[in-house]
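K.L.:
what would the 3D arrangement of this be:
(one chain, ligands or ions: 1)
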Amino acid sequence: MPARHSRSFLQLGYHGRVTCSICEDTGWKPITIDGVSRVIRCECWRSKSASARTARANIPTRYQHCSLDNFEAYNESLKRAVDYAKRVVAQFPVRIGERDSGLLMIGLPGVGKTHLAVAMLRACIAKGGSGLFYTTSELMSLLRNTYSGQADTTESAVLRDVSEADIVVFDDLGRERASEWRDEMLHLIVNSRYSNRRPTIFTTNYDVGEIDDFDSLQVRVGLRVYSRLQEMCELMRLDAADYRERPTNANVDDLLTLWKLRKKTLPAPRSGGGRQARAQLKPAKAGRVDLKWPGGRAGSS
Ligand SMILES: [Zn+2]
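P.N.:
A predicted model of the protein is given here:
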């Protein structure tokens, strides 16, 4: 029976069984919008390519499990942060908040900045975007290595990838060794993200601080980059315990206790000071006037 034969040929395909009954493994499925027929990507293509894109995103092994669902938000600061992160994902690929392309997360080491950043990155990749994760010092080393001729990539290839990815996380901003070359590179990279209005998430242990404080973010990243960050980023402060100090099998109560202990043991804020990861990281309060950051404050309300 020819008709039946051709149907089974279609279902089975040349190489064997069709795995997706919706698109018959073409990766495209027909839909009708306002009476007009068109094709869109099938779910099977999304999930297959999402895992491939996640694998290419350079997420460190220790953070690969991080999701918004397994982020433990045990205080107001963390709850606001995770709510905000969910909004970023919901809006992706359009924009991040009112500043439209950037999010700067400031907080002491171990409060969960990287977890949250990776969770947003992974969720956006799952929605169909391409994404990349770099600590800024790792990115700088990678770029430097390309000059040796020994690397299997080139400076322009690295810069192109970082510039064109739909969403990028730059982790631990300000830790990389400062130099004129670093300033140029960082500016080039941040600027390309900004110009293309592509969602970019920065995390840092350094608070905004003052211009005369060597350990302030503005000094660590240089004024040109800092001013670009101000233009493009919502500012989010995370205030929590150091996750790495938690006892084995710690529960939420342990983390709360650790957090309260941390608040007590921090030195009192130095007037005008913004030294690394200390003291300035008060919980963001609604309507609080922040350290001369002109933009929106993510999750502050
Ligand atoms: Zn399919």
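
K.L.:
the stretch 1-150 of the chain against the ion: which residues are in contact?
P.N.:
20, 22-23, 42, 44 (Cβ under 5 Å from the ion). Quick note: C-beta positions are derived from backbone N, CA and C, even for glycine.

K.L.:
tally of neighbours for the residue in the stretch 151-300 of the chain positioned nearest to the ion?
P.N.:
At 22.0 Å from the ion, residue 166 is the closest residue in the stretch 151-300 of the chain, using Cβ to the ion. By other Cβ atoms under 10 Å, 18 other residues sit near residue 166.

K.L.:
residues in contact with it?
P.N.:
Residue 166 is in contact with 92-93, 124, 129-131, 198-199, counting by Cβ atoms under 8 Å, 6 or more residues apart in numbering.

K.L.:
which of those ranks first by neighbour count?
P.N.:
In terms of neighbours by other Cβ under 10 Å, those top out with residue 199 at 28 neighbours.

K.L.:
partner residues bridging the residue nearest to that one when sequence neighbours are not counted?
P.N.:
In this structure, residue 199 finds its nearest non-sequential neighbour in residue 167, 4.5 Å apart by Cβ to Cβ, 6 or more residues apart in numbering. Counting by DSSP bridges, residue 167 is bridged to residue 131.

K.L.:
swap in residue 102?
P.N.:
residue 200, residue 233.

K.L.:
where in the protein is pLDDT low?
P.N.:
Counting by pLDDT under 70, the ranges of the chain that qualify are 1-17, 95-100, 266-293, 295-296, 299-301.

K.L.:
all helices for it, in order.
P.N.:
Using DSSP state H, the helices of the chain run over 2-12, 43-55, 76-91, 113-126, 136-146, 155-164, 180-195, 217-221, 223-232, 252-265.

K.L.:
that older thread, residue 197 versus the residue of the stretch 151-300 of the chain closest to the ion, what's the distance?
P.N.:
Per Cβ to Cβ, to the nearest Å, residue 166 is found 11 Å from residue 197.

K.L.:
also residue 255?
P.N.:
36 Å.

K.L.:
what do you get for residue 221?
P.N.:
Counting by Cβ to Cβ, the gap from residue 221 to residue 197 is 20 Å.

K.L.:
go on, residue 181?
P.N.:
26 Å.

K.L.:
which residues does residue 53 contact?
P.N.:
125, 129-131.

K.L.:
of residue 255 and residue 197, who's got more company?
P.N.:
Counted by other Cβ under 10 Å, residue 255 and residue 197 do not tie: residue 255 has more neighbours, with 21 against 14.

K.L.:
quick check: that one touching residue 73?
P.N.:
No. Using Cβ atoms under 8 Å, residue 255 is not in contact with residue 73, being 10.2 Å away.

K.L.:
which residues touch residue 28?
P.N.:
Counted by Cβ under 8 Å, 6+ apart, residue 28 has contacts 39-42, 45.
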